[in-house]
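Novice: below: sequence and its predicted model.
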Amino acid sequence: QVHLVESGGGLVQVGGSLRLSCAASGGTISNYAMGWFHQAPGKEREFVSAISWTGGNTYYADSVKGRFTISRDNAKNTVYLQMNSLKPEDTAVYYCAADRDLGQPRPYSRVYDYWGQGTQVTVSS
């Protein structure tokens with residue numbers, strides 16, 4: 001079983017940047033596609049980005065295209081989400097997740113097998 005721990009969240013002003021990390025233990029993430037989701041208060045958990053197990057394919061929600069970049073370092077067992085040009089609507093708890101399927105990265109939370117506990121991102125205007 002893979003244990004995921006997110007870090008890097010915090011309070012940032014509009015237009016600022018944050019880099020989230022998701023460190024895995026208890027297994028190697030090279031066996032998983034990885035995804036990032038976020039959940040704002042009172043809203044459903046939403047897809048943000050995903051990356052294939054090789055890192056060769058990435059997938060982004062329309063709302064973050066051109067602003068966020070997902071990457072992975074399998075040697076460090078870590079996945080990253082670089083978030084630039086942050087907006088107030090990006091405020092949410094951000095979760096990383098691992099998908100056992102080694103096909104294309106998928107935007108559906110129901111297919112992910114393991115989840116982290118989340119890290120809060122707050123964008124102030």
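Specialist: Ah, there it is. Numbering: from 1, shown residues only.
Novice: quick one: the strands in this protein, in order.
Specialist: 3-7, 10-13, 18-25, 33-39, 46-51, 58-60, 68-73, 78-83, 92-99, 114-115, 119-124 (DSSP state E).
Novice: deepest of those strands, which one?
Specialist: strand 33-39 (a mean of 25; mean count of other Cβ atoms under 10 Å). Every residue, glycine included, has its C-beta placed from N, CA and C.
Novice: partner strands of that one, with direction?
Specialist: If you go by DSSP bridges, strand 33-39 pairs up with strand 46-51 (antiparallel), strand 92-99 (antiparallel).
Novice: the strands of the chain: which one's closest to Y108?
Specialist: For Y108, the closest of these is strand 46-51, at 7.3 Å, according to Cβ to Cβ.
Novice: what about the closest one, distance to the chain center?
Specialist: 6 Å (Cα atoms, centre = their mean, to the nearest Å).
Novice: next one: stretch 110-117
Specialist: Distance, centroid of stretch 110-117 to centroid of chain: 11 Å (Cα atoms, centre = their mean).
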